[in-house]
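Participant: Would you be able to build a 3D model of this:
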Amino acid sequence: MKKTKISAVRNIGIIAHIDAGKTTVTERILFYTGRSHKLGEVHDGEAVMDWMPDEQERGITITSAVTTCPWQDVEIHLIDTPGHVDFTIEVERSLRVLDGAVGVFSAVEGVEPQSETVWRQADKYRVPKIAFLNKMDRVGADFFGTVEMMQARLNARPLLLQLPVGSGETFRGVIDLLQMKRIEWDEASLGTVFRTEEIPAELAAQAAEYRERLVAAAAEFDEGLMEAYLSEQPIATAELLAAIRRATIRLELVPVLCGAALRNKGIQPLLDAVARFLPSPLDIPPARGVHPETGEPVEVHARESDPLVALIFKVSLMEGRKLCFARLYSGRLKAGAEVYNATLRRKEKVARLLRMHANKRERIEEASAGSIIGIMGLKDSSTGDTLCTVEHPVMLERIEAYEPVISVAVEPKTHADQEKLDEILEKFTAEDPTLRVRKDEDTGQTILSGMGELHLEIVTSRMQREFNTNVNVGRPQVVYRETIDAPARAAAVFDRDIAGTRHVAEVEIEVRPLPRGAGAAFTAAIPAESLPAAFVEAARKGAMSALESGPVSGYPVVDVAVWLVRAALQENASELAFTVAASMACRDALGRGAPVLLEPIMTAEVLVPDAFLGEVIGDLNARNGKIESIEHRAGLQVVTVTVPLSRMFGYSTALRSATQGRGTFTMQFARFDRP
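Facilitator: Residues are numbered from 1 along each chain as shown. This is a model prediction of the structure:
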């Protein structure tokens, strides 16, 4: 296989709100790059990237799929990510290893809630982005309105590279402001043939105005271009492209293109923009890690000649075997090689290397820096682990997982299913860091916790489909948190003989409420010389362990400051004694601090036709919802509301009934708060 230079690699993700058209855009990219020879449609259940049966049935993306495709002289490693909030971890861990992203927006709905979420995730990892305004052929498409929403909601600086020719049913093509040409696609050829023509006279003035704005915006971030612009010298296209590329990579500008993926319009210029403006692994800052033994910072450069450093960003089970998806940041990796897992501090053997195309695999013998590959044979490695060499150990920053907000009890239908259930759930939790499993000690039930009703529904569906295991599923239960409303103090003494050794400690703990979302903190408010550091650390461990189970219903305690206000150092003092005494004192103090339950509060966006607005608002008020805003958008009223999760079970059915099936909503976790 021909080797690709690192400078010609583009590691990109397709990110967006559900139903904005991510997978349709991806399918067109595969078709026009020659990676697939048939247009797969989401609504027919034939999309290449939506290969799971649940994805095909529901017409949504559930798991991020990886593929590789060529375009001109670059090699694009592409990840199609889910748009549903329940699967946001798939977006998070994909963006962690990507160099660039294409944000797809529906020109009808504009910037939707999950669009904001994924955009912020990309900002967190400083991922350069370009925007594609899709569905320009739909009634109500508003190109300039969506651009304004990008500025207002995403705090982005859009740079218009194209203008649409027409809108809705009259959408014919685009005006390319870089080349100052009109592009129209031939529908009979499925968009493979397109014409580049002169701009019509009636659109020439608008095109000239926006070309001027384009050059002025690019010049703001490039001194050389600014000099030429101010002195009114002609600016070469190559010079303009280079300036836009630099500003995009520095996250100063977001190039904006438009089209209609379902009608096969606009994809080739989008691919050109990916190649021109999104970075190669050489264009981004070096990855940062630490030495696992010394903690010293380490910079990882995208060089094949450097030692191996790779991050596992996803684990998947394909046909019962463990497949690890990894991004190589430096060095080279060969099939059959031995690698060092710096996170687990143990060696692993690489059995096979795979180039992925959704659920299809192609064996390769070697991969180098900048590649995204599949690895078979790693037994213990999991999401967020770093692979490197024993001689040059590096540990990259782990991938954060989200805390689940909803639980169900699952129980096997037969004795045979019981034997398989624990093993299956272990595999699922290895795949998905947001899925948690625990045994309820009181009832003996297996409790499955996840990010939403759909998330848990998909898991139980996969149990049946993939493992032929039938389970009964209980009604969803909300995962609560606990906190306190008032400061309180408590002291505890631990004095006990254990295995012939006396252990003694006496501590006093004070707990104080913190603002919502502050988490938990521990402070030793005693003179440093009065208690050895090891005993302070033991007291911290004990106090923090007490926060794992609150006094109201045993849920974790959050938004609490724990202070060690007194500690008596006596003969026979031990770390064990301080750990237990601090735990006892903290539990006692929490019980005295007016403990209360906090429940998950969700932010929901409800899209409803004007005629049904009153009924929908009345229903939301009955669910203890607080209306944040109501705005008009494309013939619909958009109601933004914060509402307790416990009151939203079955809401999709209620909304459909109240609006004759025309209302839709999206919901995402906002915070834990008082009911």
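
Participant: ok, for the residue nearest the centre of the chain, nearest residue in space, not its chain neighbours?
Facilitator: By C-alpha atoms, centre = their mean, the chain has its centre lying nearest to residue 92, at 2.4 Å. Ranked by C-beta to C-beta, 6 or more residues apart in numbering and with sequence neighbours excluded, the top spatial neighbour of residue 92 is residue 121, at 5.7 Å. To be clear about C-beta, it is placed using only N, CA and C from the backbone, and glycine gets the same treatment.

Participant: Surely the residue nearest to the centre of the chain is within a helix?
Facilitator: Yes - the assignment for residue 92 by DSSP: H, G, I helix; E, B strand; the rest coil puts it in a helix.

Participant: I'd say it and residue 399 touch.
Facilitator: Yes - Residue 92 is within contact range of residue 399, at 6.8 Å (criterion: C-beta atoms under 8 Å).

Participant: where's residue 567 relative to residue 591, distance?
Facilitator: As for residue 567, its distance to residue 591 is 21 Å (criterion: C-beta to C-beta, to the nearest Å).

Participant: where in this structure is pLDDT low?
Facilitator: The chain contains residues with pLDDT under 70 at 1-3, 36-64, 83-88, 319-320, 358-359, 402, 441-444, 634-635.

Participant: Go through it and flag its longest strand.
Facilitator: Counting by DSSP state E, the longest strand found in the chain is strand 595-609.

Participant: Which elements pack onto that strand?
Facilitator: strand 481-484, helix 613-622, strand 636-644, strand 664-673 (3 or more C-beta pairs under 8 Å, 6 or more residues apart in numbering; DSSP states H and E).

Participant: what sits up against the second one?
Facilitator: Residues outside helix 613-622 that contact it (C-beta atoms under 8 Å, 6 or more residues apart in numbering) are 606, 608, 627, 630, 637, 639, 641, 643, 654-655, 658-659, 663.

Participant: go on, the last one?
Facilitator: Residues outside strand 664-673 that contact it (C-beta under 8 Å, 6+ apart) are 17-18, 85, 88, 112-114, 117, 402, 405, 451-452, 480-481, 516-517, 558, 598-607, 642, 645, 648, 651-652, 655.

Participant: Just the C-alphas of that strand, formatted as CSV.
Facilitator: Output in CSV follows, covering the C-alpha atoms of strand 664-673 (Å, rounded to 0.1, in the frame of the first residue of the first chain):
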residue,chain,number,x,y,z
THR,A,664,-40.4,17.3,18.9
PHE,A,665,-38.0,17.9,21.7
THR,A,666,-34.3,17.4,22.8
MET,A,667,-33.1,17.2,26.3
GLN,A,668,-29.7,17.3,28.0
PHE,A,669,-28.4,17.2,31.5
ALA,A,670,-27.9,20.7,33.1
ARG,A,671,-27.1,20.2,36.8
PHE,A,672,-28.1,18.5,40.0
ASP,A,673,-30.4,20.7,42.1
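
Participant: tell me which residues of it are tucked away?
Facilitator: By neighbour count with 16 or more other C-beta atoms under 10 Å, strand 664-673 contains the buried residues 664-669, 672-673.

Participant: Using JSON lines, lay out those together with distance to residue 498.
Facilitator: Formatted as JSON lines, these follow (distance: C-beta to C-beta, whole Å):
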{"residue": "664", "distance to residue 498": "61"}
{"residue": "665", "distance to residue 498": "56"}
{"residue": "666", "distance to residue 498": "55"}
{"residue": "667", "distance to residue 498": "50"}
{"residue": "668", "distance to residue 498": "48"}
{"residue": "669", "distance to residue 498": "43"}
{"residue": "672", "distance to residue 498": "38"}
{"residue": "673", "distance to residue 498": "42"}
